Each structure stands twice: as structure tokens, then as C-alpha cells.
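In: Predicted structure and sequence below. I'll ask about it afterward.
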Amino acid sequence: MDYVIHWAGFFGGWLLVAGPVFQASLELQEEQLDREEFARAIDSVDPPKRISPWWWLLPPVGWILRQRTQRGFKDAVMKALSAEQTEKLLAFHNKGLGWMIVAGGAALIATKETWELVELYEAPVWVFWVGIVVMSLISLGFTVYNQVKTFQMLHPDATAVDRRRPRRGR
């Protein structure tokens with residue numbers, strides 16, 4: 001019975017990872033973000049100035065300077081957005097962050113359950129790491145597979161080129 005319980009915990013932990021990732025993808029797709037408006041706002045702001053590569057000889061200083069320039073750019077973009085756009089963007093961000101926290105907690109539980117299963121079988125440590133990678137890919141792949149299938153069912157006439165998201169050039 002010990003083996004059954006450990007396997008149930010293992011699969012339950014990984015289902016707890018796949019569920020929030022899938023739910024996040026569904027809920028974030030429902031958010032009505034006008035990507036073109038955001039692209040225009042970003043394009044209306046001067047790009048952040050590059051810091052001198054010499055600062056990376058002192059990595060903490062380079063990191064701090066890069067963070068400051070990025071923060072300034074982000075603040076300028078936020079000021080360029082309308083109140084409605086800002087509200088939508090923050091709702092999208094907060095919803096995504098919430099689901100990321102849930103999925104992160106579930107990943108920690110799944111990691112523990114995976115370790116306990118490996119210990120039960122007295123398997124080498126590499127089996128644990130392979131299990132983590134494989135189950136992570138399966139959990140994420142579930143969402144990708146379902147989103148692709150949903151798109152194909154909703155847009156049966158779309159070609160492979162139509163399915164790609166348009167990329168913004170900078």
C-alpha cells in the first residue's frame with residue numbers, strides 16, 4: 001500500500017502543477033489586451049540607454065545600473081499608457097502572478113513527492129532530476145497541446161503561417 005500512496009502523491013503533485021498552468025493560460029487569454037496599443041506606447045518612448053559594457057567587470061554594479069535604466073524605461077512606458085490600458089495591463093500582470101505563485105507552490109509539492117518516490121525505490125539521485133525534467137515538460141506540454149488543439153478547432157482553415165503570433169520588430 002505504501003507504493004500506491006507514494007505514486008498517488010507523485011501524480012497528484014504534478015497534476016497540481018499542470019492545473020494552474022493550464023488555468024492561467026485560459027484566464028490570461030480572456031483578458032482583452034490590445035497589443036497594438038501597447039506596442040504604440042512602447043514605440044513612443046525612447047529605448048533605454050545601454051550601459052557601458054565595462055560596468056560588467058563589476059557585475060553587481062552592472063546589474064544595478066541595468067535595473068535602473070530598465071525601471072526608467074518601464075515607468076516611461078506606463079506613463080504613455082491611458083488609464084484604461086494601465087488597468088488592463090495590471091489586471092493581466094496580477095492574474096498571471098497569482099497563478100505563477102500557485103503553480104510554484106505546486107511545483108515544490110511535486111518536487112517533494114518525486115523525491116519521496118525516488119527514495120522509496122532507493123533509486124540514484126539522477127532519477128530524481130530526470131523525473132523533475134520529464135514531469136515539468138509533460139505538465140507544460142499539456143497546456144501547449146491543448147491550446148494548439150483548441151486553436152485548430154476554432155480556426156480550421158488557418159495555415160501554419162497564420163498560427164504564429166506576429167512579432168514586433170525593434
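Out: Alright, I've got the coordinates. Residues are numbered from 1 along each chain as shown.

In: Kindly list the longest helix within the chain.
Out: Among the elements of the chain assigned as helix by DSSP state H, the one spanning the most residues is helix 83-120.

In: what packs against the helix or strand just after that helix?
Out: Under the assignment DSSP states H and E, the closest C-terminal helix or strand after helix 83-120 is helix 125-154. The criterion is 3 or more C-beta pairs under 8 Å, 6 or more residues apart in numbering; DSSP states H and E, and the helices and strands that helix 125-154 contacts are helix 2-30, helix 83-120. Yep, even glycine has a C-beta here, placed from its N, CA and C like the rest.

In: to the chain's geometric centre, what's the distance from the first one?
Out: How far helix 2-30 lies from its chain's middle: 16 Å, per C-alpha atoms, centre = their mean, to the nearest Å.

In: so what's the most centrally placed residue in the chain up against?
Out: Closest to where the C-alpha atoms of the chain average out (C-alpha atoms, centre = their mean) is Met100, at 7.2 Å. Counting by C-beta atoms under 8 Å, 6 or more residues apart in numbering, Met100 touches Ala24.

In: Same check on Thr69?
Out: Listed by C-beta under 8 Å, 6+ apart, the contact set of Thr69 reads Pro48, Lys49, Arg50, Ile51.

In: how many neighbours does Phe22 have?
Out: Other residues within reach of Phe22, judged by other C-beta atoms under 10 Å, total 19.

In: what pLDDT does it get?
Out: pLDDT, Phe22: 96.

In: Which residue, neighbours along the chain excluded, lies closest to it?
Out: If the residues on either side of it in the chain are set aside, Phe22 comes closest to Thr143, at 4.6 Å by C-beta to C-beta, 6 or more residues apart in numbering.

In: Wait, the one you found touches Ala18, no?
Out: Yes: in terms of C-beta atoms under 8 Å, Thr143 counts as a neighbour of Ala18; the distance is 7.1 Å.

In: If you rank every helix and strand of the chain by mean pLDDT, what lands last?
Out: Ranking every helix and strand in the chain by mean pLDDT, DSSP states H and E puts helix 160-163 at the bottom, with a mean of 56.

In: what stretches of this structure score poorly on pLDDT?
Out: Applying pLDDT under 70 to the chain flags the ranges 160-170.

In: hang on, the earlier thing: now list whatever residues contact both of Thr143 and Ala18.
Out: By C-beta under 8 Å, 6+ apart, Thr143 and Ala18 have no common neighbours.
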